[in-house]
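1. Give me a 3D structure for the following:
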Amino acid sequence: MGLTSPQDLIFYNKMKTYELAYIVSPEISMEEAEAKAKEIESAVQKNEGTILKQSNPTAKTLAYPVKKRASGFFGFLEFQLEPEKIIELKKIMEKDGKIVRHMFLIKEPAKPRRERRSRTSQPEITVDEKRTPVEIKIEESKPLSSVENLNPAVKEKEKVELKDIEQQLDEILGE
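-> Numbering: from 1, shown residues only. As a prediction, this is how the structure comes out:
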């Protein structure tokens with residue numbers, strides 16, 4: 001769409017982008033539902049709107065009954081129109097008995113997102129020239145598979161003989 005004059009630019013900026021979702025009664029045929037979609041598109045164009053996206057009505061089972069109907073033809077339309085003229089379009093939709101439910105949404109332009117900081121980036125470590133580095137020695141640990149690696153108190157207890165244990169038991173029991 002080419003803008004030719006400043007008036008076209010002003011007109012273009014006044015228009016808002018809308019989305020229209022509607023459900024047509026299941027009592028009509030698929031051809032009649034498509035004709036109803038063409039009527040809605042012509043009503044938008046008659047009010048000096050421009051159609052951006054459209055989808056032909058498709059038969060759908062509804063999640064809950066709408067006006068005692070469990071199914072219907074679901075259609076979708078995205079268009080630009082002046083805000084003052086959307087009221088006329090709403091009246092047309094409400095008067096039509098074949099349209100069970102409809103909903104207009106104002107589609108806002110997407111806001112640019114700020115770039116998020118990444119948690120994976122590590123801060124740079126600066127070395128102060130006045131400080132001297134410290135050496136850290138890490139000794140390798142040995143597996144604890146034998147008695148030799150246990151602490152010394154455990155080693156002494158294992159060297160106790162059976163006679164000493166019996167003697168201590170007799171003292172404790174008072175025999």
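2. From the contact counts, what lies against the longest strand seen in the chain?
-> Taking DSSP state E as the criterion, the chain has its longest strand at strand 50-66. With contacts taken as 3 or more CB pairs under 8 Å, 6 or more residues apart in numbering; DSSP states H and E, strand 50-66 sits against strand 16-24, helix 30-46, strand 69-81. Backbone N, C-alpha and C define where each C-beta goes, glycine included.
3. mind redoing it with 10 Å?
-> Under the contact criterion of 3 or more CB pairs under 10 Å, 6 or more residues apart in numbering; DSSP states H and E, strand 50-66 touches strand 16-24, helix 30-46, strand 69-81, strand 99-106.
4. could I get the ones you listed as JSON lines with distance to residue 160?
-> Converted to JSON lines, the helices and strands packed on strand 50-66 look like this (distance: least, CB to CB, whole Å):
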{"stretch": "strand 16-24", "distance to residue 160": "87"}
{"stretch": "helix 30-46", "distance to residue 160": "96"}
{"stretch": "strand 69-81", "distance to residue 160": "86"}
{"stretch": "strand 99-106", "distance to residue 160": "86"}
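5. Out of these, the one nearest residue 53 is which?
-> strand 69-81 (4.0 Å; CB to CB).
6. by how many degrees do that closest one and strand 16-24 diverge?
-> Inter-element angle recorded for strand 69-81 and strand 16-24: 160 degrees (by axes from the mean of the first three to the mean of the last three CA atoms, to 10 degrees).
7. Can you give me the buried ones in strand 69-81?
-> Burial within strand 69-81, assessed by neighbour count using 16 or more other CB atoms under 10 Å, is assigned to 72-75, 77-81.
8. now the angle from it to strand 50-66?
-> 160 degrees.
9. In contact with the nearest residue to residue 59 once chain neighbours are set aside, which residues?
-> Excluding the flanking residues, the one nearest residue 59 by CB to CB, 6 or more residues apart in numbering is residue 73, at 5.8 Å. By CB atoms under 10 Å, 6 or more residues apart in numbering, the residues touching residue 73 are 22-26, 28-30, 32-34, 36-37, 56-60, 98-100.
10. rewinding a little: so which of the helices and strands packed on strand 50-66 is nearest residue 169?
-> Here strand 69-81 is closest among the helices and strands packed on strand 50-66 (CB to CB), at 85.9 Å.
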